[in-house]
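**Q** Could you look at this predicted model? Sequence included:
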Amino acid sequence: MAILKIARMGHPVLLQRAAPVEDPTAPEIRRLAADMIETMEDAQGAGLAAPQVHVPLRLFVFRVNPDRATGDADDTAVLPHRVVINPSVTFIGEDARLRWEGCLSIPGLRAAVPRAWRIRYAGVDTDNQPVGGEVTGFHAGVVQHEYDHLDGIMYPMRMTDFSLFGFNEELMRAAQSQMATKASGS
């Protein structure tokens with residue numbers, strides 16, 4: 001396995017529609033998926049799409065860690081690494097919520113992005129077995145984020161309020177200051 005180079009915002013590969021994977025079981029696709037998982041873990045990301053590693057194919061990997069659960073009764077379960085090849089995504093209902101997102105291709109920045117709360121997604125894994133289901137919460141958000149990469153869409157293109165966009169450190173300082181002000185009763 002190998003750590004792959006991550007394309008950063010501005011690279012043309014991130015702005016094009018990715019091509020379908022012809023054979024999900026091909027050795028090079030299995031190797032790509034394994035390398036993407038290793039790269040995602042090394043970068044401490046929650047997901048990674050093939051275009052982000054300079055491969056314009058319809059494939060992404062992701063994980064849902066326990067600390068990402070929202071506590072909402074409808075929030076879907078934690079799951080280890082998942083590979084999704086040639087996915088489809090369908091929004092369920094009208095409920096959209098702002099969720100804070102970062103991106104390995106836009107290091108150091110974060111923003112509040114409107115995302116459907118409940119979706120259904122489907123695809124196959126590297127054994128050509130079906131993956132997906134109806135999901136909510138963080139799980140739904142990360143799938144939408146990675147799916148967007150396959151269509152050349154980056155999260156700033158989905159934003160509706162640019163006042164909720166900034167560098168991680170500045171946003172954290174602002175949040176801490178706001179919490180301190182509330183705690184002091186001011």
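**A** Okay, I see it.
**Q** Name the helix or strand of this structure that has the lowest mean pLDDT.
**A** Every helix and strand in the chain was compared by mean pLDDT, DSSP states H and E; the lowest is helix 168-184, with a mean of 87.
**Q** Low-confidence regions, this structure specifically.
**A** Applying pLDDT under 70 to the chain flags the ranges 69-75, 77-78, 186.
**Q** What ranges does it have for its helices?
**A** With DSSP state H as the criterion, the chain has helices at 27-42, 137-150, 168-184.
**Q** helices or strands next to the first one in the packing?
**A** To tie it back to what came earlier, the one meant is helix 27-42. Contacts defined by 3 or more C-beta pairs under 8 Å, 6 or more residues apart in numbering; DSSP states H and E place helix 27-42 against strand 47-49, strand 59-64, strand 79-91. From N, CA and C alone the C-beta is placed, and that goes for glycine too.
**Q** 7 Å - rerun?
**A** When contacts are defined as 3 or more C-beta pairs under 7 Å, 6 or more residues apart in numbering; DSSP states H and E, helix 27-42 sits against strand 47-49, strand 59-64.
**Q** rewinding a little: between the helices of the chain, which gets nearest to Ala112?
**A** Checking the helices of the chain against Ala112 by C-beta to C-beta gives helix 168-184 as the closest, at 9.7 Å.
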